[in-house]
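> Model the following, please.
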Amino acid sequence: MLGVRYQDETTESIPMSAPLLQVIVGSTRPGRVGIHVAEWFATAARQDGRFDVEVLDLAEIALPMFDEPNHPSMHQYTQPHTEAWSARVARGDAVVFVMPEYNWGVNPALKNAVDYLNEEWAYKPMATVSYGGVSAGLRAATALKTNVLPLRMIPIADAISIPFVAQFVTDGTFVPNDVLRDSVAPLLGELLKLTQATALLRGPASEPVPDEG
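Below is the predicted model of the structure:
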């Protein structure tokens, strides 16, 4: 559930449960750098404190190539792995995709995972943490934004783009420079604004109160 804060004349502001940010690790290949980038970003987001943070690693989830007979918008799933993926994504409030760039585009495992679902993505703010060589994954991140718009996700303008990513990984740990480190808080701030603004769109419709008069 989305976190809210309220105040009246007799109480101080009371923090409620924070919104859930899901950090999705898009790369699944052996030797991937993405898991280290995701661990860094998730840790930084937890330290920021404005979101609860959950990491979803597509290498562990291991979705096969899309194998449902029905269009995802029908929400008539036949495969246990689809049901499980649906349940995981549905509980989130916002998404950050940690992603590489393959041939100027979105890597197949990530595109496949996005395509499995429909309404579970709807009205969720999303951002990208992309990485690569000189292009820093920017072309793939731009392509992903066009992929998620039909699903009614809401890409934010803020993004983190990491060029020549290998230079930041030492002994399996991603070590950011000051520019990358300082880019986390503004991105989370923009995500939080939209997460709060779209909470009612993601929530279930309220049932009418019976008229007892």
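> Lowest-scoring secondary structure element of the chain by mean pLDDT?
Using mean pLDDT, DSSP states H and E, strand 5-6 stands out as the lowest-scoring helix or strand of the chain, at a mean of 28.
> show me the contacts for Gly49.
With contact set as Cβ atoms under 8 Å, 6 or more residues apart in numbering, Gly49 has these partners: Ala18. Where you see a C-beta, it was placed from the backbone N, CA and C, and this is true even at glycine.
> Correct me if wrong: Gly133 contacts Ile162.
No - counting by Cβ atoms under 8 Å, Gly133 stays clear of Ile162, with 10.1 Å between them.
> Comparing these two, which shows the higher neighbour count?
Legend: neighbour count by other Cβ atoms under 10 Å for Gly133 and Ile162, higher for Ile162 (24 against 11).
> what are the bridge partners for that one, then?
Tyr131 (DSSP bridges).
> Could you report the pLDDT at it?
Ile162 carries a pLDDT value of 98.
> same question, Leu187
98.
> got a list of contacts for the helix or strand in which it is found?
Leu187 is located in helix 184-197, with elements delineated by DSSP states H and E. Contact partners of helix 184-197, identified using Cβ under 8 Å, 6+ apart, comprise 2, 4, 19, 21, 41, 44-45, 48, 50-51, 93-94, 96, 124-125, 127, 154, 156-160.
> Quick one: the helices in the chain, in order.
All helices of the chain, identified by DSSP state H, fall at 34-48, 58-61, 80-90, 108-115, 138-148, 178-182, 184-197, 199-202.
> who wins for proximity to Met74 among these?
helix 80-90 (11.8 Å; Cβ to Cβ).
> what's near enough to touch Val106?
So Val106 contacts 26, 99, 140, 143-144, 147 (Cβ under 8 Å, 6+ apart).
> Could you export the residues you listed as CSV, including neighbour count and distance to Val184?
Formatted as CSV, the contacts of Val106 follow (neighbours: other Cβ atoms under 10 Å; distance: Cβ to Cβ, whole Å):
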residue, neighbour count, distance to Val184
Gly26, 30, 18
Met99, 28, 16
Ala140, 27, 20
Ala143, 15, 23
Leu144, 26, 19
Asn147, 16, 24
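> Quick one: neighbours of Thr195, just the number.
Thr195, neighbours per other Cβ under 10 Å, totals 26.
> mind starting the numbering at 756 from now?
With the count now opening at 756, the last piece we talked about shows up as Thr950.
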